[in-house]
Structures are given as structure tokens and as C-alpha cells.
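Trainee: The sequence and its predicted three-dimensional model are supplied below.
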Amino acid sequence: MAKAIMIQGTTSNAGKSLITAGLCRIFSQDGYRVAPFKSQNMALNSYITEDGLEMGRAQVVQAEAAYKKPDVRMNPILLKPTSDKGSQVIVNGEVVGNMKAMDYYKNKTRYIPEIMKSYSSLAAENDIIVIEGAGSPAEINLKENDIVNMGMAKMANSPVLIVGDIDRGGVFASLYGTYMLLNETEKKYIKGNIINKFRGDIKILEPGLKMLEDLIPVPTVGVVPYMTMRIDDEDSLSEVFENSSVLVDIDIAVIKLPRISNFTDFNAFELILGAKVRYISSAKEFKCPDLLILPGTKNTIDDLKWMRECGIEAEILKYASRGNPVFGICGGYQMLCKSLKDPYNVEGGGEIKGLGLIDAHTVFEKEKTRTRVSGIFKCAGGIFSELNGKSFEGYEIHMGITKAEGFLSMLKSMDGGEKTDGLCQGNVYGSYVHGIFDSEEVLKTIIKALYNKKGLEYNETLSCDVKAHKEREYDKLADELRKSLDMKYIYKIIDEGVTL
Ligand SMILES: NC(=O)CC[C@H](N)C(=O)O
């Protein structure tokens, strides 16, 4: 039976996912069998495992860091918010329905047996489970019946480290306040604090650490520097959306839809030195990018209405009419169609005219398509015609089914026979495949075409192997954490567990 360590945070985005991933890599490097675990994730960035099951992307990254294949047991519950009040609830990788937040919170303890089944079976196969909490354990309105923070720590009898974000300020107050809002039993699980995202002179910080330790009986087990490294993000608070104003050769604009999903699809572009992805949420920011991407969304029709109202749709139509390239992924692909219909009310219902840039129609079905795919580009025209013959690999997660009016085609999946996973019309491209840009040949072909269009030279020799890049990032993360965390102490608390 594995031992456990749990990473909780004072807020969302404090860096729990990153530190969990780094610890997974460190323990694996030290020879342990390791698995990440998060009982419940609320995220629109999800992934499809080899068994066709859906899980949150943060645990996928952590699994990779632990040299493991992503496994749905690592994230038994996934909530995908469809609106401000409700979510699609996914248990052990399969949709169980849409639920209002209130109904879910009232009934969530019914999922404890599922959570513990997954946890126990992972624990039986590993030496250490690195558990990640969610949000903060001090949300006093949600603490009762908790299944993801202190409730989970108790079920797994796991020592807990709390991560605070010093970059946003108020780190002492939030670490102190988090501890003080816990009850006496819960406090016994807290074995250390971690200060994350530190930049500056540690000498100036040190007296504060001492004062905090005088106020609460919790040692600071490390001060982790601010890292520019990016691993796949979990939620829309992600720093990915903070645009920089650096000038580059190729400007790629992604529309930041209100329900944007799977924006990890575009991380691959970061490997291209001369390209920059910027996220835009107003018509004013549109300008004239070299490539426009419409990303996935959990609520295609609502997000299309939003684009229409804020004037972005008009900008896209103007931009596309001049022959500029547009690429839609999943929900973004659906928006490019002539019409979208939701007869079974899976995403709020109704019918709407699409952008009409691809002669196709999308209908939302009752059953979700969840599959991994691989295939090759065929019949891609326009500026990216060099994609033909290039292979892709990825996964699909959607309720909608898209059918072309006539003969339009672009991608053929090898494993799905004649299944068409995407369409192309002129310089407008759409596909259901998430992760399509992770293929080095696809990525390079697209970038090269964009350079050519601008009359610029593209240095093709630079590698953009996404997998190799990620491996290097995980090792770098582990090195950085080894330098800043007291690993001896962390091993000690893992070994001791929690005695009440
Ligand atoms: N991941 C996505 O973009 C999904 C698109 C759309 N919401 C569907 O389910 O069909």
C-alpha cells in the first residue's frame, strides 16, 4: 500500500498542479513507483485516455512527470462547467449528466466509494501517491462533506503541504488564515507550508518566515522561485492568457471564448521561436493576425452568441473574406459551419446560424464522442495544402457531430476507416482533433506556410518535438524543486504519515 503526500493551496492558481507534477518527477527519479491523484477536478481542459475515458489535463501532465500513462483512476471526478451555475459531471471518465452546482454539492458524498475505489487501486500499485487538492481547504462554506481537500487528506491519511502564492501578495496572511480556519483535527494533517512564485532577495523574506513559524506550528519547507516554465494548465485562471507585447514574425491569435476548453492545444506553438500566441477577447484586439484560431468551447452556441454580440464575428468574417487563414478546433470548428442545432438541450438548446465559412452543419447529440485518433491529412487545400500526407494524432471530446453539405474533406483517421475528422474550404480549416498541432510535421508545415505567406525565411532546423520538450521541462522542474524544497523533511513526513 502506497504512502501519500498531499498538496493543497491557499487559492486557485497558487501552483499546486506544478508542484505536484514536480514531486511526481522527483520521487520517480529517486526510484519510487508514483501516481498523481486528484479526486475532483473542475476544468475544461480534459483528455481522453487509451481506454476512451475522459480526465482532467493536470493529472495527465503529472502522470507523464511520473513516467506513467494517464489513467482515469488518477482523476475519478471531472466537472466541466457549461454555465455559471451548472456543470457536466464525469465520473470515472464517463458522463453521468448535467448538474446544477447546488445539486452536486448537496450530493457529492455519494461519490466517495468511487473516489476511494480509484485511490485504493492506485495505492496498491504504487509506492507514493501525490494527491492534489482543489482551490483552498479554508472555504468555510464548502468544508462540510469535503471530498477534495481535508476530507480527502483524511480518507487517504495523508500529510498535507500548503502552497501560497507570494507573487500576488498577502502570502503570510493567506497561509496563517488558511491554517487558522481549519479545525483542530484538520490542523494535525498540515505538515508544512511552501511559498511559491518568489522573486527577489530571500534575505528580505527570511524574517517573515521565522515570524510565521512563531505564529503557527507549521514549518516552511521551501521557497520556490517564480518559474516561467509552463505545463498544461488546469483552469481558465491560467497565466497563458496574459499576453506579452514582444514582437515576433508570426502573430497567432486565439479567441478567448468565455467557455474556452482545451487551450493546451496551442502550447505547441510556444516551441516556435518566431511565433507568438495571443488570446483576444474583444474586437479591438483583433488586428490582423497571421493565423486566427477558434478554440474548443464547452458551450458552442452561447460562445458564438458572445462573439456575435461583441463584434468579434464581424472581424473574423472581414478577415476571412480577404483570404486569411482560420483554423477552428472542436467547438471553434462547429462555429465555422453554416448552422448549429442542439435538439436535446445538451448545451442549453436552440438553433443558431454559424459563421458559414465551411459548408457544413453541426447537430449536438445525446452521446458524447470520446476517442483517441490518428490519421493523415488528405485533400487539404489553400495555404496549408502542404499538410497533405502529414500524419496527426490526438483525441476527440464532443457532443456535436458535423456533416459537410457536399464533398469537403481534410483529415482521415486511420483507425476510424473513412471517418472524416475535419474539413477545409479555401483557407478555412476545422477539425475535432485536440492535440493536432503537437505533431512536429504538422506544426512545422503550418508555420512554414505562414512564413512563406509573409515572404520570410523559416529556419526549419530548429526542433519542435513537443514530447521531448515536455520531458526537458519536467526534469527542469524537478531540479528547481530539489534546490528549493527540504526533500529530506518531505520524505520524513511521507514515511511517518499522520497520527491523530
Ligand atoms: N471540446 C469542445 O470544443 C467541444 C465542443 C462542443 N461543446 C461539443 O461538445 O460538441
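Mentor: Happy to help now that I have it. Numbers count the residues shown, from 1 in each chain.
Trainee: where's residue 368 relative to residue 115, distance?
Mentor: Remark: distance between residue 368 and residue 115 (Cβ to Cβ, to the nearest Å) = 22 Å. Quick note: C-beta positions are derived from backbone N, CA and C, even for glycine.
Trainee: quick one, which of those two is more surrounded?
Mentor: Using other Cβ atoms under 10 Å as the criterion, residue 368 and residue 115 rank with residue 115 on top: 25 against 18.
Trainee: Skipping adjacent residues, who's closest to the more buried one in space?
Mentor: In space, and not counting its chain neighbours, residue 115 is closest to residue 39: 4.6 Å by Cβ to Cβ, 6 or more residues apart in numbering.
Trainee: wait, residue 281 sits on residue 253?
Mentor: No - applying Cβ atoms under 8 Å, one finds residue 281 not in contact with residue 253, separated by 10.7 Å.
Trainee: Those two: who's more crowded?
Mentor: Under the neighbour definition other Cβ under 10 Å, residue 281 and residue 253 were set side by side, and residue 253 has more, 23 against 16.
Trainee: is that one in a bridge, and if so with what?
Mentor: Beta-bridge partners of residue 253, counted by DSSP bridges, are residue 278, residue 292.
Trainee: Quick one, grab the pLDDT at it.
Mentor: Looking at residue 253, its pLDDT is 97.
Trainee: In contact with it, which residues?
Mentor: For residue 253, the contact set (Cβ atoms under 8 Å, 6 or more residues apart in numbering) comprises 277-280, 285-287, 289, 291-293.
Trainee: do the same with residue 129
Mentor: 2-5, 34-37, 119, 122-123, 156, 158.
Trainee: phi, psi of residue 2?
Mentor: Torsion angles at residue 2 (phi, psi; degrees, to the nearest 10) stand at phi -70, psi 150.
Trainee: now it: how far from the ligand?
Mentor: Using Cβ to the nearest ligand atom, to the nearest Å, we find residue 2 at a distance of 33 Å from the ligand.
Trainee: Then residue 42?
Mentor: 16 Å.
Trainee: and that residue, how many neighbours?
Mentor: Residue 42 - counted by other Cβ under 10 Å - has 18 other residues nearby.
Trainee: Let me know whether it touches residue 77 as I believe.
Mentor: No - in this structure, residue 42 is not within contact of residue 77 by Cβ under 8 Å, at 9.3 Å.
Trainee: Surely residue 329 touches residue 295?
Mentor: Yes - contact criterion Cβ under 8 Å: residue 329 and residue 295 qualify, at 5.8 Å.
Trainee: Find residues that contact each of the two.
Mentor: Contact with both residue 329 and residue 295 is made by residues 262, 265, according to Cβ under 8 Å, 6+ apart.
Trainee: Pick out whichever of these two has more residues nearby.
Mentor: Of the pair residue 329 and residue 295, residue 329 is the one with more neighbours under other Cβ under 10 Å, namely 29 against 25.
Trainee: what's across from the more buried one in the sheet?
Mentor: Beta-bridge partners, per DSSP bridges, of residue 329: residue 431.
Trainee: Let me know the distance separating it from residue 57.
Mentor: Taken as Cβ to Cβ, the span from residue 329 to residue 57 is 15 Å.
Trainee: residue contacts, whatever residue of the stretch 401-500 of the chain ends up closest to the ligand?
Mentor: Using Cβ to the nearest ligand atom, the closest approach of the stretch 401-500 of the chain to the ligand is made by residue 434 at 6.9 Å. Counting by Cβ under 8 Å, 6+ apart, residue 434 touches 262, 265, 296, 329-330, 394-397.
Trainee: And residue 223, by the same measure?
Mentor: 194-195, 198, 202, 205, 209, 484.
Trainee: Go through the residues you listed and say which is closest to residue 144.
Mentor: Nearest to residue 144 among these: residue 194, at 26.6 Å, using Cβ to Cβ.
Trainee: For my notes, confirm that closest one occurs in a strand.
Mentor: Yes - under DSSP: H, G, I helix; E, B strand; the rest coil, residue 194 falls within a strand.
Trainee: all strands for the stretch 351-500 of the chain, in order.
Mentor: 360-377, 391-404, 411-413, 420-425, 428-431 (DSSP state E, counting those that start in this stretch).
Trainee: now the stretch 1-150 of the chain
Mentor: So, for the stretch 1-150 of the chain - with DSSP E, counting those that start in this stretch - the strands run 3-9, 34-37, 40-42, 46-48, 54-56, 77-81, 86-91, 94-100, 128-132.
Trainee: Could you confirm whether the fourth one reaches the ligand?
Mentor: No - applying Cβ under 6 Å from any ligand atom, one finds that strand 46-48 is not in contact with the ligand, the shortest distance being 7.9 Å.
Trainee: ok, and what's touching that strand?
Mentor: Residues external to strand 46-48 that are found in contact with it (Cβ under 8 Å, 6+ apart): 54-57, 60, 70, 78, 80, 90, 261-262, 370-372, 395-397.
Trainee: If we use 6 Å, what do you get?
Mentor: 54-57, 60, 370, 372, 395, 397 (Cβ atoms under 6 Å, 6 or more residues apart in numbering).
Trainee: before we move on, the earlier item: tell me how far the residue of the stretch 401-500 of the chain closest to the ligand lies from residue 47.
Mentor: Where residue 47 is concerned, residue 434 sits at a distance of 8 Å (Cβ to Cβ).
Trainee: Repeat that for residue 31.
Mentor: 27 Å.
Trainee: So the two - more neighbours on which side?
Mentor: residue 47 (27 against 8).
Trainee: give me the number of residues near the residue lying closest to the more buried one once chain neighbours are set aside?
Mentor: For residue 47, the nearest residue in space outside its immediate sequence neighbours is residue 60; the separation is 4.7 Å by Cβ to Cβ, 6+ apart. When counting by other Cβ under 10 Å, one arrives at 26 neighbours for residue 60.
Trainee: Correct me if wrong: residue 60 contacts residue 68.
Mentor: No - counting by Cβ atoms under 6 Å, residue 60 stays clear of residue 68, with 9.9 Å between them.
Trainee: the helices in this structure, which residues?
Mentor: For the chain, the helices defined by DSSP state H cover 16-29, 57-65, 101-107, 112-125, 150-156, 171-180, 184-187, 202-215, 300-309, 312-321, 331-335, 440-453, 466-484, 487-496.
Trainee: Adding distance to residue 388, write these out as CSV.
Mentor: As requested, those are exported to CSV (distance: least, Cβ to Cβ, whole Å):
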stretch, distance to residue 388
helix 16-29, 37
helix 57-65, 30
helix 101-107, 46
helix 112-125, 43
helix 150-156, 49
helix 171-180, 53
helix 184-187, 59
helix 202-215, 55
helix 300-309, 28
helix 312-321, 22
helix 331-335, 19
helix 440-453, 9
helix 466-484, 21
helix 487-496, 50
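Trainee: so which of those is the most packed in?
Mentor: Across these, the average number of neighbours (mean count of other Cβ atoms under 10 Å) peaks for helix 331-335, which reaches a mean of 30.
Trainee: So residue 249 versus residue 265, what's the distance?
Mentor: For residue 249, the distance to residue 265 - Cβ to Cβ - is 21 Å.
Trainee: which one of the two has more residues nearby?
Mentor: Neighbours per residue, other Cβ under 10 Å: of residue 249 and residue 265, the larger number sits with residue 265, 23 against 17.
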